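Participant: Any chance you could fold what I've pasted below:
(2 chains)
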Amino acid sequence: MKAALSAGSMLRGTATTIAFALIVVPILIVVVAAFSPNDYFQFPPPGFSLRWFVEFFGLQTMRDAFVLSIELALASATIATILGTLAALFLARRHGAIAALLQSLFLAPLVFPTLILGVALLLLYKTIGMPVFPGLLLAHCIVGMPYGFRTVLASAQALDPALEEAGQSLGADPLRTLFLVTLPLIWPGVLSGWLFAFIVSFGELNTALFLTGPGVTTLPIEIFSYLQFTGSQLVIAAASSVQIALIVILVAVIERVVGIARITRAR
Amino acid sequence: MKSAWGWFLLAPPLVLALVFFVVPLVYLFWVSLHASSTSELYGAALTLRNYSDVLADSFYLTIVRRTLGVAAVILGLCLLIGYPVAYFVALLPVRRRMLAILLLLFPLMVSNVVRAYGWVSLLERRGVVNSTLRDLHLIDAPLDLLYTPSAVVIALMTILLPYMVISIANTLAALDRRYQEAAQALGASPLRTFLHVTLPLSTPGIASGTLLVFLLTLSAYVTITLLGGPRSKLLVSLIYDSVTAFQWPRAAALAFVLLALALAFTGLILALLRPGRVQGAGR
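Facilitator: Numbering: from 1, shown residues only, chains lettered A, B, ... in the order given. A predicted model of the protein is given here:
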């Protein structure tokens, strides 16, 4: 029995080591490659250089794509979080078939094959003549909304309803209660929802694949087409590392926000 | 007053979800029922030919079969590797478990194109794997690792593995340890305890991980293209190709074939694993 237990834990330990290596190594390789001094990536790297980052910011298409991705992520995360918050506040205390249906509708883009959403939106946009940027923005809002919705729903459901009722019974109208009572209490949920929506928009591929246009391209799509048409060059490693660095910073912020949320709940 | 407030909250997100999620899909379905046209997005005549063409054409059926095969292998590997890893993670003390989950979540936030590129730079002819093997004098000429179905399987499997691990680990961590202790106290061996107690109680995690991995495999166009190349096309590649060829009704029909596969698989998993019957282990 003891032998079986240790065999089991050895299997688990080995599987975990292999799995983490397989998951993390391809990302680490990209970061290491970005600092290569040579034209081609050599492993182990013969030195250290920032030339590919200089090249990345020097390429107009890459720089434009990077700026567009940031703008798009800021705008779509903000819209998606506001709308997700409204939906979550509506559904937080409602039960029944219609509430369940609405909840699945708002969460659906999480599991729905977004590539098909991209095709469907492109078709709709072609029919109604939608310009590229607003079309892309709306698609990113749809993809990001479930994140804001989900985190705010969890915060709002954990909220003591007596607090809102107290606000209302003291004469505050719903809007005042929302801004003076509810939002201050659920803001960690709102903020972490916003950060998740930002991250998702910043890396989004499946709808942007169809909805970007000439001169209006996001960084992931620019990386993808560069890889397809120019080949795997190290400027792509630099572009990817910029992506990764931004996400590291945002994850650190989320960690802090979630930490703060825990402290507020403990009180 | 109260209902006006309710509408103020619900209307904006509902309008967005209806106009830019539900309506486009209904419209796509409507287009899939039309003949193709050279001048318009789709022809005027209603027809089921787009579907019957796809289902009768051996080329499309081969691709559908290949798609399901690749998805099955990825799913099998994810379960085989993911379960022991999830078990390991679930048994960690709370703080270290949180850290492990964070480490698994982080790669999911990095764009898939970046993670696919990581695999390209490992597997390409001048990539890390080939140059390491050559430095060790194990090979003379570089191996063609990229643009193969195996490259697609390995890359997608590792890209999606964290979903499986996190789903199962969350279920296992929430499990009441006393069930396993009771089984062991009644004389069950560790293996028997695992097969008859732990495994059945973890089906909600297995079900949600399986569904996530399968659904994301179906639509992973960028990973499939970068690692599979033009010869290892899957169903999503055909959808993309039809769109770029302006074959809208064909693209729409293929999209709904893919959705039907996703739906059928979801139904199958829910019927087989019945995650709902495990009480209180859902979260």
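Participant: And the helices in chain A?
Facilitator: A:2-34, A:51-58, A:60-91, A:97-107, A:114-128, A:132-158, A:161-169, A:174-177, A:183-203, A:208-211, A:219-229, A:234-266 (DSSP state H).
Participant: Tell me which of those helices is the most buried.
Facilitator: helix A:208-211 (a mean of 25; mean count of other CB atoms under 10 Å in any protein chain shown). Backbone N, C-alpha and C define where each C-beta goes, glycine included.
Participant: for that one, the distance to its chain's centre please.
Facilitator: Per CA atoms, centre = their mean, to the nearest Å, the displacement of helix A:208-211 from the mean C-alpha position of its chain is 17 Å.
Participant: again with stretch B:115-128
Facilitator: 22 Å.
Participant: what mean pLDDT does that stretch have?
Facilitator: Throughout stretch B:115-128, pLDDT has a mean value of 90.
Participant: May I have it exported as PDB, CA atoms only?
Facilitator: The C-alpha trace of stretch B:115-128 is given here as PDB (Å, rounded to 0.1, in the frame of the first residue of the first chain):
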ATOM      1  CA  ARG B 115       2.600  30.600 -27.900                       C
ATOM      2  CA  ALA B 116       2.300  29.000 -31.400                       C
ATOM      3  CA  TYR B 117       5.300  31.100 -32.500                       C
ATOM      4  CA  GLY B 118       7.200  29.700 -29.500                       C
ATOM      5  CA  TRP B 119       6.600  26.200 -30.900                       C
ATOM      6  CA  VAL B 120       7.600  27.300 -34.400                       C
ATOM      7  CA  SER B 121      10.900  28.500 -33.100                       C
ATOM      8  CA  LEU B 122      11.400  25.200 -31.300                       C
ATOM      9  CA  LEU B 123      10.400  23.000 -34.200                       C
ATOM     10  CA  GLU B 124      11.500  24.800 -37.400                       C
ATOM     11  CA  ARG B 125      14.500  23.500 -39.400                       C
ATOM     12  CA  ARG B 126      16.800  26.000 -37.800                       C
ATOM     13  CA  GLY B 127      14.900  25.700 -34.500                       C
ATOM     14  CA  VAL B 128      16.100  24.900 -31.000                       C
END
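Participant: Just the buried positions in it, please.
Facilitator: Counting neighbours by 16 or more other CB atoms under 10 Å in any protein chain shown, one finds that the buried residues in stretch B:115-128 are B:115-124, B:127-128.
Participant: now those residues in CSV, with distance to chain A and secondary structure?
Facilitator: CSV is the format used below for the buried residues of stretch B:115-128 (distance: CB to the nearest CB, whole Å; DSSP: H, G, I helix; E, B strand; the rest coil):
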residue, distance to chain A, secondary structure
B:115, 6, helix
B:116, 8, helix
B:117, 6, helix
B:118, 3, helix
B:119, 5, helix
B:120, 5, helix
B:121, 6, helix
B:122, 6, helix
B:123, 10, helix
B:124, 6, coil
B:127, 8, coil
B:128, 5, helix
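Participant: looking at the helices of chain A, which one has the lowest mean pLDDT?
Facilitator: Among these, helix A:234-266 scores lowest, at a mean of 75.
Participant: Just list what the strand or helix carrying residue B:77 packs against, helices and strands only.
Facilitator: Using DSSP states H and E, residue B:77 sits within helix B:58-91. If you count contacts as 3 or more CB pairs under 8 Å, 6 or more residues apart in numbering or on different chains; DSSP states H and E, helix B:58-91 packs onto helix A:2-34, helix B:49-56, helix B:94-109, helix B:149-174, helix B:203-218, helix B:235-244, helix B:248-273.
Participant: give me that answer again for 6 Å
Facilitator: helix A:2-34, helix B:149-174, helix B:203-218, helix B:235-244 (3 or more CB pairs under 6 Å, 6 or more residues apart in numbering or on different chains; DSSP states H and E).
Participant: Poorly predicted segments of the stretch 1-150 of chain B, please.
Facilitator: Counting by pLDDT under 70, the stretch 1-150 of chain B shows low-confidence ranges at B:1-2.
Participant: try it again with 90
Facilitator: B:1-8, B:35-50, B:53-57, B:91-106, B:124-146, B:148-149 (pLDDT under 90).
Participant: How about the stretch 151-283 of chain B?
Facilitator: B:170, B:173-201, B:219, B:229-233, B:272-283.
Participant: And the residue of it that's closest to chain A?
Facilitator: Nearest residue of the stretch 151-283 of chain B to chain A (CB to the nearest CB) works out as residue B:219 at 3.8 Å.
Participant: Quick one: closest of the helices and strands packed on helix B:58-91 to residue B:14.
Facilitator: helix B:203-218 (24.2 Å; CB to CB).
Participant: who touches that closest one?
Facilitator: A:111, A:113, B:71, B:74-75, B:78, B:156, B:160, B:163-164, B:167-168, B:171, B:258, B:262, B:265-266, B:269, B:273, B:275, B:278, B:281-282 (CB atoms under 6 Å, 6 or more residues apart in numbering or on different chains).
Participant: Name the residues of the stretch 101-250 of chain A found near chain B, please.
Facilitator: Taking CB under 6 Å from any CB of the partner chain as the contact definition, the stretch 101-250 of chain A meets chain B at A:105, A:111, A:113, A:115-116, A:119-121, A:123-124, A:138, A:142, A:174, A:199, A:203, A:205-206, A:220, A:223-224, A:232, A:236, A:240, A:243-244, A:247.
Participant: ok, and what's touching stretch A:59-68?
Facilitator: A:56-57, A:217-219, A:222, A:239.
Participant: one more time with 8 Å
Facilitator: For stretch A:59-68, contacts defined as CB atoms under 8 Å, 6 or more residues apart in numbering or on different chains pick out A:56-57, A:215-219, A:221-222, A:226, A:235, A:239, A:242.
Participant: same thing with stretch A:237-245?
Facilitator: For stretch A:237-245, using CB under 8 Å, 6+ apart, the contacting residues are A:27, A:30-31, A:33-34, A:36, A:41, A:52-53, A:55-56, A:62, A:66, A:202-203, A:219-220, A:222-223, A:226, B:110-111, B:113-114, B:117-118, B:121.
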